[in-house]
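1. what's the 3D shape of this:
(3 chains)
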Amino acid sequence: MPIDIEITHLLKKYGDVTAVENLDLQVKQGEMMGLIGPDGAGKTTTLRILCGLLRADDGDCLVGGRDVKKELTTIRGLIGYMPQRFSLYPDLTVTENLRFFADLFCVPKSERETRLERLLQFSKLGPFSKRRASALSGGMKQKLALSCTLIHTPRVLLLDEPTTGVDPVSRREFWDILKELKEQGVTILVTTPYMDEAERCDRIAFIHKGRILAVETPIDIPGLYTRVLYELKCENFVHAARLLEGQNDIESVQIFGDRVHISGFDEGKILSVVKKSMKDNGLEQYSLSKITANIEDVFVDLMR
Amino acid sequence: MKSRIIPIVRKEIIHILRDPRSLIIIFIMPTLMIILFGYAITFDIRDIKIAVLDQDRSQASRQLLEKFTNTDYFKIAGELTGRDRIEPMMMSRKIVAAIIIPPGFGRDLVSLPVSPVQVLIDGSNANTATIVINYLSAAINNYNLDINRNIHIPLQIQPRIWYNPDLDSTNFIVPGLLAVLMMMICAMLTSITISREKETGTMEQILVSPIKSHEIVIGKVIPYILVAFLVASAVLIFAKIVFNVPIRGSLVLLALLSLVFIYASLSLGVLISSKARTQQVALMISLVGTLLPSILLSGFIFPIFAMPSALQILSYIVPAKYYLVIVRGILLKGIGFQYLYAPVIFLFIFGTLLLAVSMKNFKTNLEG
Amino acid sequence: MNREISVRTRDLTRQFGRFTAVDHISFEVYDGEIFGFLGANGAGKTTTIRMLCGLLLPSSGEAWVEGFDVYKETDSIKQNIGYMSQKFSLYEDLTVSENIEFFGGVYGLSPRELKKTREKALSDFSLEKVSGKLTRELPLGWKQRLALACSLLHNPKVLFLDEPTGGVDPISRREFWQKIYALAEAGTTVFVTTHYMDEVEYCNRLSIMHNGQIISMGTPNELKTRYKKDSIEDVFIHFIDK
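-> Numbering: from 1, shown residues only, chains lettered A, B, ... in the order given. Just a heads-up that it's a prediction; the model follows:
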């Protein structure tokens, strides 16, 4: 598989603050790569450098084999970039917004209407084509923004937190659309702060403080976890959590709603510590089971 | 329970001091406007460009023309030889007026009771035209007096102009500007500071606390009274230095009465912000709502007594009108409080009324 | 466990013109409970919270917060609640200390109390080192801690959290929730509104809101078992797709 996005040793500083440091990332053609990290991790900066909105202080970025620094105009035709706050014109209708972006990217008149039709159908915005953008729901706005980004049929899509502030149903629908695009061969680099969205990507890159911590496929992510994780369920779970906190051989105790997650390095030691504590305090009714780490657990592990 | 006004005031002062750029703009903008207005709006016209067509070329005609060349008011832009040049020059705005002295002017002056001189004036700007006519007649009267020194004129006006003897219009404009500018700045300052908090969401955070609306409103107004007062002082000092505007009355009195005006203007800003949801809307309303009435209906430039009666009535609710009376009174006439209590009382009532309405409007919830 | 009721609503309803944002919802929340509202944008979560905070009046129905009536006793309610929104409504141009002092002042603390409260808040939330820093210079996770500190200065009995940890890194999020669990243990009632699944998992009990109504309620595990789904997100989508 040829590589569509290749970032090597990327460095970007804003004054004294280092936003991105020694960042390497490769995205294969037709791959959906999720760039996951908290706010301020360097996600937006990386995308902005890729589409030439920011200049890197050091390192190289190739998109479709072309250098961002040298062939920006060509690259702009190759990529579709959807910024975090994609600004649609609220007083224009869905169709008018699409037409405007078609004109912006010099889509030939002969092709314009067929593409418009296809995008409207694809995004299921057809019935709302005459509605003003301001009257669309959050999820529909995101879909319109994506459609505007797709109007010049880009080969590489850069999406900056496309689902932030969108409710779960619309979010799921949005990801289904991305999956469809991927199947059509579009390369996608998408950023998100939501751990639960990551599973929909082919590979996930964890980014924190401007560095990539790890890149892995969702199936193999639990394998990155260096500890063991147990889930404890019992009636008085808060009390149980307090008992276990700070005990030898127990690394962390985290309450989740009505259960407790316990992590450590040695299975046997954890089990004996928990059993002893529970017994000593008369908490006989409980269940303890080993569970697989989720993406957030792995992220926390990698950050430490 | 302690009053919550003080924390609001303290925080507001920090906001002001942490944002020196805005603070500088607040001080620079009025001084710039004073310069612009002070120099641009002047009713004294100098260097009026005129053309002369002397068809007589006698000693008398030359003496008459000297009356025009010897003053600052006129500038001879062309000495013509034929009438046909006058219109093109007027069309290309090279001259505002033309004087035509007909052949035989000197002879007629001696032999005939009346000797005509023709004056043509560009009337496209009526105001300028009137002033030019006045100046021309004055110059010609001057000449008349010269050649008829012994003639007895039964009735003569000897005008003595008080308060502004040179009729210098900057003395009239600059104090007026102080009123207009202060009105605008005060309304803007308060309306923006409140609407900004609505935009950033901090207002909601304050409203979930047991704070009362009067505590927010008063806490917001107090620091800006101080800022506005400093701006007013800066503008006044500047006006004194650059335009040498006279200060004949008591500065202490002016300071005190200015505070009342500032209070009224800030209250207007609070009222605006109790309705405006965004800074942009607040800014627009405070600009349009203060600048236009303050310039047009306050007597700043256009005398109120000459307005149609509907506008005259409307002018009663323009606070700048009252402050103009105060500023011009104290600076130019040097009058004391006994002549000024009426406008002061009005401004105070106006401010208090607006503040009361704003507090009532300013809900400590998100309704309406 | 025998716990006191902290918040109770009966047929609480709010209309905006002809639109019913909250439609006859009834529920009870107990002292020390972490109660989550899950719903899409416009489901009525924010309107409900605003009514309980005394920012909006209900159109009909009843509600009490710590025994105070939301119609008549909003001042008493406001004295007893803390509120922290997703925007962390802090003054960005004020330092950490100044923000704490300001919000303390707004809640009517005297200068002496204020000093004590400030020191305690700074140490409780490990903000001592940045106390003189401007808030805008803080990383998101720190801002979130400051926002929580500011909303707890007056020791509220009920704490409302509106999407409190969206966008922050997972370690900060876990630390944040540790604080919340400690508060709940000490008896503070915690209300959370969110549509982030990452946050939902931390609640003791959840109610799913849709079109102004509560369509399901229970602990996260109860909901998953009841609807035979693996995750709360699947439970949620199961309802909305219907």
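2. now what about the lowest-mean-pLDDT helix or strand in chain C, what contacts it?
-> For chain C, using mean pLDDT, DSSP states H and E, the weakest element among its helices and strands is helix C:197-200, scoring a mean of 80. For helix C:197-200, contacts defined as C-beta atoms under 8 Å, 6 or more residues apart in numbering or on different chains pick out A:168, A:194-196, A:296, C:36, C:38, C:163-166, C:173, C:192, C:194, C:206, C:220, C:231-233. (C-beta placed from N, C-alpha, C; glycine too.)
3. Can you turn the buried part of these into a PyMOL selection?
-> The buried residues among the contacts of helix C:197-200 can be selected in PyMOL (16 or more other C-beta atoms under 10 Å in any protein chain shown) with this line:
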select buried, (chain A and resi 168+194+195+196+296) or (chain C and resi 36+38+163+164+165+166+173+192+194+206+220+232+233)
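4. Run through chain B and note the low-pLDDT ranges.
-> Residues of chain B meeting the criterion pLDDT under 70: B:1-2, B:41-44, B:149-153, B:167, B:368.
5. which bits of it sit near chain C?
-> Selection of chain B residues close to chain C by C-beta under 8 Å from any C-beta of the partner chain yields B:1-2, B:4, B:6-8, B:10-11, B:14-15, B:18-19, B:200-202, B:204-211, B:364-367.
6. Among these, name the buried ones.
-> Here, 16+ other C-beta under 10 Å leaves B:4, B:7-8, B:10-11, B:14-15, B:18, B:200, B:202, B:204-211, B:364-366 buried among these.
7. So which of those belong to helices?
-> Of those, the ones assigned to helices by DSSP state H are B:7-8, B:10-11, B:14-15, B:18, B:200, B:202, B:204-207.
8. contacting residues around residue 65?
-> In the absence of a named chain, chain A is used. By C-beta under 8 Å, 6+ apart, A:G65 lies in contact with A:P2, A:I3.
9. switch to chain C, that's the one I care about
-> C:V65 neighbours (C-beta under 8 Å, 6+ apart): C:S6, C:V7, C:L52, C:I77, C:N80, C:I81, C:V158.
10. Grab the nearest non-local neighbour of it.
-> In space, and not counting its chain neighbours, C:V65 is closest to C:I77: 4.9 Å by C-beta to C-beta, 6 or more residues apart in numbering or on different chains.
11. try C:A186
-> C:G32 (7.6 Å).
12. Buried residues, the helix or strand in which A:L146 is found. List them.
-> Using DSSP states H and E, A:L146 falls within helix A:138-150. Residues of helix A:138-150 classed as buried by neighbour count (16+ other C-beta under 10 Å): A:138-150.
13. was I right about C:G32 contacting C:I180?
-> No: when contacts are counted by C-beta atoms under 8 Å, C:G32 is not listed as touching C:I180 (11.2 Å).
14. Who has more neighbours out of those two?
-> C:I180 (22 against 19; other C-beta atoms under 10 Å in any protein chain shown).
15. Quickly note the distance from the more buried one to C:E199.
-> 10 Å (C-beta to C-beta, to the nearest Å).
16. can you check A:G223 too?
-> Counting by C-beta to C-beta, the gap from A:G223 to C:E199 is 27 Å.
17. and if you look at A:L78?
-> Using C-beta to C-beta, A:L78 is found at 38 Å from C:E199.
18. same thing with C:D75?
-> For C:D75, the distance to C:E199 (C-beta to C-beta) stands at 30 Å.
19. How about B:V217?
-> As judged by C-beta to C-beta, B:V217 and C:E199 stand 37 Å apart.
20. neighbour-wise, which of those two wins?
-> With neighbours defined as other C-beta under 10 Å, B:V217 and C:E199 compare such that B:V217 has more, 26 against 21.
21. wait, the more buried one sits on B:N361?
-> No: look at B:V217 against B:N361 with C-beta under 8 Å: they stay out of range, at 9.7 Å.
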